[in-house]
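J.: Here's my sequence, what's the structure:
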Amino acid sequence: MNIHINNTMLLLLLLFGFSASFAQNNKEIQAKIKITQADSFISIFPTAYNSSGTLQNNLSYSILALKKSATGTMSKNSQSGVFSLLPGETKTLSSQKVNIDENGSIQIYLFIRKDDKVIAKDTLHVGAIENKFKNTPLQETSFEIAGLIIENVLTKPGKDFYEFFSQINRSNGISYPFVIVINEKPSLGGRNSVIDILIDDVTIFKFNTQPKEEYLQMAAKQANKEIYTYYSKRKMLYKNEKLF
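T.: The predicted model follows:
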């Protein structure tokens, strides 16, 4: 039994890395998705609570609502922003209203970051038939998220990279069982920008942009290569644990 546990821990560390695996545990900040329902409309209120006795700043949030209609059509709505929390403060970060079909469902994800590291998160599933709200850990088989790419790009090079990346991703013909997030932010020097690609809150590929298309195409190829490597390791881990 001890050998099995040690092997599992080793695989986890190799897959995610020490910093990525343990940087997300921050009990001082808590994330909570609150919702109300009126007829077929769901109002979504992402909230954050500071349980510490000190001011918490340099915080940011992102919330994603993935809606699946009765016919299987997918749509998404995302919001993001920056905020701070006073000691003991609870803050509603934003609000959005989503219409849900009679036989549809919505999966909602909330991530709170401090200095670009995820420190708190929450997931909520809304099923119209049962008319129930369930806070449960994300199960990939419970909602169709395969192949979804979320882009938060700001500049023309960022948009060009996203287009090159998407073309290669589609040509691969692989439906990855996870959400791929592409974030772009200004670089420290103020010139160009930095693109960060995340899966499962883990940075898979990161690079500084340049306006040259050839450079962006090479970066797109390398990013897709890194994602496939991550997918292969992840699949092997889940298979060994009988979870895949």
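J.: drop to CA atoms for contacts and neighbour counts, all remaining ones
T.: Will do.
J.: How is the chain divided into domains?
T.: Listed by automatic domain parsing, the domain ranges of the chain are 24-142, 146-244.
J.: hey, where'd the strands end up in this protein?
T.: Along the chain, the segments classed as strands by DSSP state E run 29-38, 41-50, 56-68, 74-85, 90-92, 96-99, 105-114, 117-127, 132-134, 149-152, 180-186, 193-199, 202-208.
J.: Between those strands, which one is closest to Ser171.
T.: strand 149-152 (14.5 Å; C-alpha to C-alpha).
J.: Could you report the neighbour count for Ser105?
T.: 22 (other C-alpha atoms under 10 Å).
J.: ok, what's across the strand from it?
T.: With DSSP bridges as the criterion, Ser105 is bridged to Lys68, Gly127.
J.: I'd like the domains of the chain as TSV, with mean pLDDT appended.
T.: Formatted as TSV, those follow (pLDDT from 0 to 100):
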stretch	mean pLDDT
domain 24-142	79
domain 146-244	84
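J.: For the chain, give the helix that spans the most residues.
T.: For the chain, the longest helix by residue count, based on DSSP state H, is helix 213-240.
J.: tell me which residues in that one are buried?
T.: 216-217, 219-221, 223-224, 227-228, 230-231, 233-234, 237 (16 or more other C-alpha atoms under 10 Å).
J.: which of these lies closest to Thr123?
T.: Arg234 (21.1 Å).
J.: I'd like to know how far the closest residue to Lys76 other than its chain neighbours sits from Gly104.
T.: Spatial nearest neighbour of Lys76, excluding adjacent residues (C-alpha to C-alpha, 6 or more residues apart in numbering): Leu66 at 4.6 Å. Using C-alpha to C-alpha, to the nearest Å, Leu66 is found at 11 Å from Gly104.
J.: Spit out the contact partners of Leu85.
T.: By C-alpha atoms under 8 Å, 6 or more residues apart in numbering, Leu85 lies in contact with Tyr49, Asn50, Leu55, Gln56, Asn57, Lys91.
J.: Just the buried residues of those.
T.: Tyr49, Asn50, Gln56, Lys91.
J.: Asn77: which of the residues you listed is nearest?
T.: Lys91 (20.8 Å).
J.: That closest one and Val82: what is the separation?
T.: In terms of C-alpha to C-alpha, Lys91 sits 12 Å off from Val82.
J.: Same check on Lys27?
T.: The gap separating Lys27 from Val82 is 19 Å, by C-alpha to C-alpha.
J.: Next, count neighbours for the residue nearest to His125 when sequence neighbours are not counted.
T.: Leaving aside its sequence neighbours, His125 sits nearest to Gln107 (C-alpha to C-alpha, 6+ apart; 4.6 Å). Applying other C-alpha under 10 Å, we find 21 residues neighbouring Gln107.
J.: List the contacts of Gln107.
T.: By C-alpha under 8 Å, 6+ apart, the residues touching Gln107 are Ala65, Leu66, Lys67, Thr123, Leu124, His125, Val126, Phe143.
J.: now do 6 Å
T.: Ala65, Leu66, Leu124, His125 (C-alpha atoms under 6 Å, 6 or more residues apart in numbering).
J.: Also Ala223?
T.: Phe205.
J.: go again using 10 Å as the cut-off
T.: Ala223 is in contact with Phe165, Ile168, Asn169, Asp196, Ile197, Ile204, Phe205, Lys206, Phe207, Gln217, Thr229, counting by C-alpha atoms under 10 Å, 6 or more residues apart in numbering.
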